[in-house]
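Novice: starting from these lines, generate the structure:
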Amino acid sequence: MSKHPEQHAKKALGQHFLRDHSAIRRIAHAVPEGANAIEIGPGPGAITESLLARVGKLCVIEMDDRFAEHWQGVADENPVLSVVHGDVMQELDTTVSSLKPEWIAGNLPYNLSGPLTAKLAGFPLSGGMVLMYQREVAERIAADPGSKVYGGLSVLVRHFYDVKRLLTLPPGAFSPPPKVHSAVILLTAHGRIPACDYKILQKTVRQGFAHRRKTISNNFRGSISAEQFEVIGIDPRKRPEQIDYDSWVKMAIFLAEKQGQ
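Specialist: Sure, this is the predicted structure:
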């Protein structure tokens, strides 16, 4: 097996490497044995080594040249592993459509966590995802309607998945220690067929949360009237963080039908 590259983290890539063995085990064991999986940003491979021992196939997506080269060396000797060297935001769609993974895992780069989660939530995997975030981002993703931190991502992840917080980690679990706590979210496929297309829901959520302090009626002024809100069963005086997933879907369907999509 090829020698590990230097393990100093690159600030520009938002890298913090997990070194807590108990956490590594729990993350890896959330992915069932024999599954076909993708890992985002393996870095020096704390989670990767554990996943390789469990899964049927593992593809890692790595942007950092040092680590991509290292894992390619491992892949040359281990048929379970394949490597995609590049930016996850550009490579993810192609990789998921060609490999059709059941699971995705990863310690997500802090600087990409929002847009990357919005992208990930749109993949209807048969298994699920186990993803690490800054704690405050994880809290937003797992939040229920009515919570101050409930937002667009809270809605989007529920399109295909049930959401659960798996564990919280202090800065000392990482090298270098970040300034914040981290948390791991488990997304498990709920198997229900969504009533609307993910992209339409995403567009609706983006508009609806554009101004959090305004009522839902204000945010959709010109698109959905107060009377139309009443017809679809939503109180137009509610703020976006008070609206549950099913109601966001009702709005998305209404707007799609209105626009003839």
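Novice: partner strands of the worst-scoring helix or strand of the chain on mean pLDDT, parallel or antiparallel?
Specialist: When the helices and strands of the chain are scored by mean pLDDT, DSSP states H and E, strand 17-18 comes last with a mean of 84. Strand pairing for strand 17-18, determined by DSSP bridges: strand 174-175 (antiparallel).
Novice: sorry, back to before: which residues are contacting the least confident helix or strand of the chain?
Specialist: 7, 9, 24, 27, 43-44, 46-47, 107, 132, 169, 173-175 (Cβ atoms under 8 Å, 6 or more residues apart in numbering). For every residue, glycine as well, the C-beta is placed using N, CA and C.
Novice: now do the helix or strand encompassing residue 200, average pLDDT.
Specialist: When elements are assigned from DSSP states H and E, residue 200 belongs to helix 198-208. If you average the pLDDT over helix 198-208, you get 97.
Novice: next secondary structure after that helix?
Specialist: According to DSSP H and E, the helix or strand after helix 198-208 is helix 216-219.
Novice: show me what counts as buried in that following helix.
Specialist: Across helix 216-219, burial judged by 16 or more other Cβ atoms under 10 Å covers 216-217, 219.
Novice: rebuild these as JSON lines, extending it with distance to residue 148.
Specialist: Shown next, in JSON lines, are these (distance: Cβ to Cβ, whole Å):
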{"residue": "216", "distance to residue 148": "16"}
{"residue": "217", "distance to residue 148": "21"}
{"residue": "219", "distance to residue 148": "17"}
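Novice: mind putting the residues you listed in JSON lines, distance to residue 99 and pLDDT included?
Specialist: Formatted as JSON lines, these follow (distance: Cβ to Cβ, whole Å; pLDDT from 0 to 100):
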{"residue": "216", "distance to residue 99": "39", "pLDDT": "96"}
{"residue": "217", "distance to residue 99": "44", "pLDDT": "96"}
{"residue": "219", "distance to residue 99": "38", "pLDDT": "96"}
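Novice: quick one on the thing from earlier: how about the helix holding residue 200: buried residues?
Specialist: 198, 200-205, 207-208.
Novice: same deal with stretch 28-43?
Specialist: 28, 30-31, 35-43.
Novice: swap in stretch 119-130?
Specialist: 119-123, 125, 127-130.
Novice: end to end, how far does it reach?
Specialist: This stretch, stretch 119-130, spans 15 Å end to end (Cα to Cα, to the nearest Å).
Novice: what of stretch 40-57?
Specialist: 14 Å.
Novice: before we move on, what about stretch 94-106?
Specialist: 18 Å.
Novice: again with stretch 186-195
Specialist: Span of stretch 186-195 from end to end, Cα to Cα: 23 Å.
Novice: go ahead and name everything in contact with that stretch.
Specialist: 30, 121, 124-131, 157, 159-166, 201, 249, 253.
Novice: repeat for stretch 122-132
Specialist: 18, 27, 30-32, 35, 96, 101-108, 117, 120, 156, 159-161, 166, 169, 182-189, 198-199, 202.
Novice: please look at residue 252 and residue 200 and confirm they touch.
Specialist: Yes. Using Cβ atoms under 8 Å, residue 252 makes contact with residue 200 at a distance of 4.8 Å.
Novice: if we can go back for a sec, tell me what the helix holding residue 200 is packed against?
Specialist: helix 152-156, helix 216-219, helix 245-258 (3 or more Cβ pairs under 8 Å, 6 or more residues apart in numbering; DSSP states H and E).
Novice: what about the buried residues of stretch 28-43, which are in helices?
Specialist: Using DSSP state H, the subset of the buried residues of stretch 28-43 located in helices is residue 28.
Novice: please consider this matter closed, and thank you.
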